[in-house]
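1. Return atomic coordinates for the entry below.
(2 chains)
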Amino acid sequence: MSDPLAKGANPEEGDVSLIGKSVPRIDGVEKVTGSATYTADMKLPGMLYARMLLSPHAHAKILKIDTSRASQLPGVKAILTGKDLPYRVGLYMVDKPILADGKARYCGEPVAALAATTEEVALEALSLIKVDYEPLEPVLDAREALKPGAPLVHEFLHTYDCVKGVFCPIEHTNVANHFRLRKGDVEDGFRKSHKVIENTFYAPQVQHAPLETHATIAHWKPNGQIEIWTSAQSPFAVRHLLSVAIGVPHARIRVVVPYVGGAFGGKAGIHLEPLVVMLSRAAGSRPVKLVATREEEFITLPCRQGLHARVKTGVSREGRILAEEIEYVWDAGAYADYGVNIGRASGYSGAGPYDIDNVKVDSLTVYTTKPFGTAYRGFGHVELFWAIESQMDLVAAELGMDPVEFRMKNLLGPGSTTITGEKITEYSGSVRKCLEEVAKAIEWGEGGNAPAGAAGVARAGAGAGSAVSMGKLRGKGIAVLHKAPAMPPNTASSALIRFNEDASANVMVSGVDYGQGTATSLSQVAAHALRLPMEKIHFVWGKDTDFSPYDWQTVASRLTVMGGLTILRAADDAINQMKEMAAQALGVAKDELDFGGGRIFVKGSETKGLTYEELVLGYKFPNGNSIGGPVIGRGSYVAEGLTNLDLETGQGLPALCWTYGAHGVEIEVDPRTGDIEIVKLVSAFDVGRVINDALCRGQVIGGSVQGIGTALAEQYIYDPQGRLLNRSFTDYKILTAKDIPREMVQIFVETPHDKGPFGARGVAEHPMISVPSAIGNALVDATGVRLHDLPLSPERVFTALQAATRKPHVA
Amino acid sequence: MSPVRLINLVINGERVSVEVEDNWTLLRLLRDELALTGTKEGCARGECGACTVIVDGLPVNACLVLAREVEGREIVTIEGEGRGRGAGRRAGPGLQASAGLSPLQQAFIDHGALQCGFCTAGMIMSARALLMRNPDPTEAEVKEAISGNLCRCTGYQPIVEAILDAAYRERNGGEWVQT
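-> Numbers count the residues shown, from 1 in each chain, chains lettered A, B, ... in the order given. Prediction:
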């Protein structure tokens, strides 16, 4: 066990602990006054404006691009097409061209781009570019894309680079990755089962919809240095992926991330940056700005993958799951540079937090000719838990068992083994406690949520309940969840603490706070570790690869844990440096020293000591002799104890820490409209240790509401040619203030984690997971109708209710 | 280039004369010409509310109004919230006045009513317009007032709480906070 943790585990020592306190967010004033600067707010001298020409076809050969007329328009400074950019970019699977290369793989893919002196000139120039296409057969269904003879989205998949030994593309097919997991013997498990229940489920592609669209300013300077300001989650990933793609050394690229207006995974990895960099070079080293339109955010930039799931579960008469066979077919869209790892992560955690001896998972990441998927809050788990937690209720119903009781018989706990062979310990967290808390708070089993009958049979529901609005049906549903950070086994973070002359501390990490509140919670960790008040902590907001210490990516709910650990280590290092100086100055041994209240002092005689101010720039003896020098604390952390997974069996250790949770909902369904209203949503998470209560609740409320959007409203809708039809907020609805639950309750279970700072785990993604399945289960409780496809839109619910009651539709 | 005309208007209490092109939106005038970048563009077609400003007391999407149409009007943007009112007025002109937070702004911070911050300016402007015409709104009225302002981070509940709390504070002579 590391020293910082040992210290952190005992918050009683030193000053009153800040850990757990609802410290107001440090970026509040800048944001409520409008002075927080986002990429789109910035201008550079001589800056040009870029626009992209998008493919109108889902799948088409590009025969010819004529830019001659556009290039003659006054004010046009650079035009690029795919031919000018023989590069491929990608995080895990290097499959993305900067502009379409020879063919367009989705409607909305950029095929040409230009930079001009004004937006107006850029738009006019776009209209002068002529592209000859030869339309090809689109591939719109991932299941069809798997069939022999399906058109290939990537003919040269076998030549692409990817992370070897981790991902398994199947050459000359549309399969970008095939993840396999084999534990025990599923066939044997099914033979021994009392019942075997098989179902299919579907979750469509959806959009992240951050309020800030992607924005990048790039400047390829005459001296060869590249500077980028961008709305990215991960400055170092942008720098690295760009460096690898275009062959420019890392040190010649500087990536700066100002305020970012929401991301949710959609700004992880690399997006517009390479294109804007290349436009700047082509424009004779003038800076270029590209801000995506909202339409481009829908059709050009990535979305969340779709999922076709098939789950087959064998259970004993007593309700133990004996075997499970899972097939996930991921609709990756045109590119899978990030998507292949969603396929992998959903594979290794794909059975949910259940203790099952015999499991077989095949998770296929499949190319189609649609906008491509990337990381989105939950990283595949919102989708897979739509399948798993719907299936668990279906299995419980088949057994005539209460859904909570059925889950309790099967949940992971200390001593059980995950499907990859990881042993669950007392430090892993407790999904059981989360479910217990949720069941209690939602008053499970009271007010009309006895187990529903077989699917499709309309039940009286809870209509007799007293608080139910006229004519509406009331029901309750629950669902559990788990997720661990999905990241390479050697994922690394670092932190620096630089003291200022007045002994205030500049805390620097490269994880980006695009709203989560991590900058504030990490400031609390720093203040606690240095035993300084918050006012003495200056968290350096800007992220700049030239100045900030390395961090892999701001993703996977890992910043509180990994960033927190690096800050504890950096603080420890800084304190140690001051102690070394103080020991010399005071003529005592270093281990006789303690610290607190901004001082290093001798244990037992607190008056004998030195202030931080006397030490942070080096200690000066009365005669002028000086020792030490400026104090800079350094903290590094690399994920420890993780392994790659066996390519045949999926066995290994993929998870730094699991965060468990559960949701319970009570809903009202209006059978006349199919409208679902959330009366109450109760959520519990085993976060290990709350660092900032208010910010933690903020993540849960915001994430849950985003999950309700996935549950009730959101989906990409295409025409038969593969063109996205709902590409605006008018046609693609996200929730408004009028759509939120009447009541939301957040519960935090605190089973300390042995690796996290103060025992903490991440919780940014988890609130979104399993909200759809809890609502789907409540719909069954209220109406007896089970829907297998998301979203549970009024139209779908109404139609299903009509079918169930066999009433002809009345126009 | 579209025809150019000179317009006169009042922005955040200051008289402004500025040349605008006929096809400019108010949003472009504010952000690109006057450098009032606190007002954000989220969709440019009136769907998200991020660009909400107050024109003659009413909340409007600045992306849907032509700059030439605001001739003679009084406009308040996020940069005007907490300035020229309350603390600003008491502190007089100058730097100190511009650093004030209104009870509404302070309530947004206190209630965790913001995360990424991109919708915040528009949200506060919609809330301010509501409180100007209705100092004691119900929860339903608050939700209605901000139903044109999309937020993807907070789940809205903290925003609704903040606005109700700000209304209470302002009705009771709440302090304007100096930062």
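2. Next, the contact list for residue A:666, please.
-> Residue A:666 makes contact with A:442, A:447, A:474, A:475, A:476, A:678, A:679, A:680, A:778, according to C-beta atoms under 8 Å, 6 or more residues apart in numbering or on different chains. (C-beta placed from N, C-alpha, C; glycine too.)
3. So which of those wins on neighbours?
-> Greatest neighbour count in the contacts of residue A:666, by other C-beta atoms under 10 Å in any protein chain shown, goes to residue A:778: 31 neighbours.
4. Confirm that that one lies within a helix, as I assumed.
-> Yes. Residue A:778 sits within a helix when classified using DSSP: H, G, I helix; E, B strand; the rest coil.
5. which non-adjacent residue is nearest it?
-> Among residues not flanking residue A:778 along the chain, residue A:477 sits closest, at 3.1 Å (C-beta to C-beta, 6 or more residues apart in numbering or on different chains).
6. Next secondary structure after whichever strand or helix holds that neighbour?
-> Per DSSP states H and E, residue A:477 falls inside strand A:473-483. In the C-terminal direction, the helix or strand that comes right after strand A:473-483 (DSSP H and E) is strand A:492-499.
7. Which positions within the helix or strand that that following strand is followed by qualify as buried?
-> Following strand A:492-499 in sequence order, the next helix or strand is strand A:505-508 (DSSP H and E). Neighbour-count burial for strand A:505-508, counted by 16 or more other C-beta atoms under 10 Å in any protein chain shown, picks out A:505, A:507, A:508.
8. In the sheet, which strands lie alongside strand A:505-508, parallel or antiparallel?
-> strand A:492-499 (antiparallel), strand A:537-539 (parallel) (DSSP bridges).
9. Could you identify the helix or strand that succeeds it?
-> That would be, after strand A:505-508 and using DSSP H and E, helix A:518-530.
10. That next one to strand A:492-499, inter-axis angle?
-> Going by axes from the mean of the first three to the mean of the last three C-alpha atoms, to 10 degrees, helix A:518-530 is angled at 60 degrees with respect to strand A:492-499.
11. tell me the SS of the residue nearest to the spatial centre of chain B?
-> Nearest to the geometric centre of chain B sits residue B:125, at 3.0 Å (C-alpha atoms, centre = their mean). Following three-state DSSP, the label given to residue B:125 is helix.
12. ok, it touching residue B:53?
-> Yes. Checked against C-beta atoms under 8 Å, the pair residue B:125 and residue B:53 is within contact range at 5.6 Å.
13. which residues are common contacts for those two?
-> Shared contacts of residue B:125 and residue B:53 (C-beta under 8 Å, 6+ apart): B:59, B:76, B:77.
14. Which members of those occur in strands, if any?
-> The strands, defined by DSSP state E, take in B:59, B:76 from these.
15. Name the nearest of the shared contacts of residue B:125 and residue B:53 relative to chain A.
-> Nearest to chain A among the shared contacts of residue B:125 and residue B:53 is residue B:77, at 7.2 Å by C-beta to the nearest C-beta.
16. got the contact list for residue A:799?
-> Here residue A:799 is in contact with residue A:674 (C-beta under 8 Å, 6+ apart).
17. pLDDT at it, what is it?
-> For residue A:799, the pLDDT comes out at 97.
18. how close does it get to residue A:718?
-> Going from residue A:799 to residue A:718 by C-beta to C-beta, to the nearest Å gives 20 Å.
19. quick one, strands of chain B?
-> B:4-11, B:14-21, B:52-55, B:58-61, B:74-76, B:100-101, B:177-178.
20. With respect to chain A, which of those strands lies nearest?
-> strand B:100-101 (6.7 Å).
21. Indicate each strand paired with the closest one and its parallel or antiparallel sense.
-> strand B:177-178 (antiparallel).
22. For whatever residue of the stretch 301-450 of chain A ends up closest to chain B, list the residues it contacts.
-> As assessed by C-beta to the nearest C-beta, chain B sits closest to residue A:377 within the stretch 301-450 of chain A, at 10.0 Å. With contact taken as C-beta under 8 Å, 6+ apart, residue A:377 is in contact with A:208, A:264, A:265, A:703, A:706, A:764, A:765, A:768.
23. Out of the buried residues of strand A:505-508, which is nearest to residue A:30?
-> Nearest to residue A:30 out of the buried residues of strand A:505-508 is residue A:507 (C-beta to C-beta; 17.1 Å).
24. any idea how far the closest one is from chain B?
-> 20 Å (C-beta to the nearest C-beta, to the nearest Å).
25. what angle do the longest helix along chain A and strand A:492-499 make?
-> With secondary structure taken from DSSP state H, chain A has its longest helix at helix A:564-586. Here the directions of helix A:564-586 and strand A:492-499 differ by 40 degrees (the same axes, to 10 degrees).
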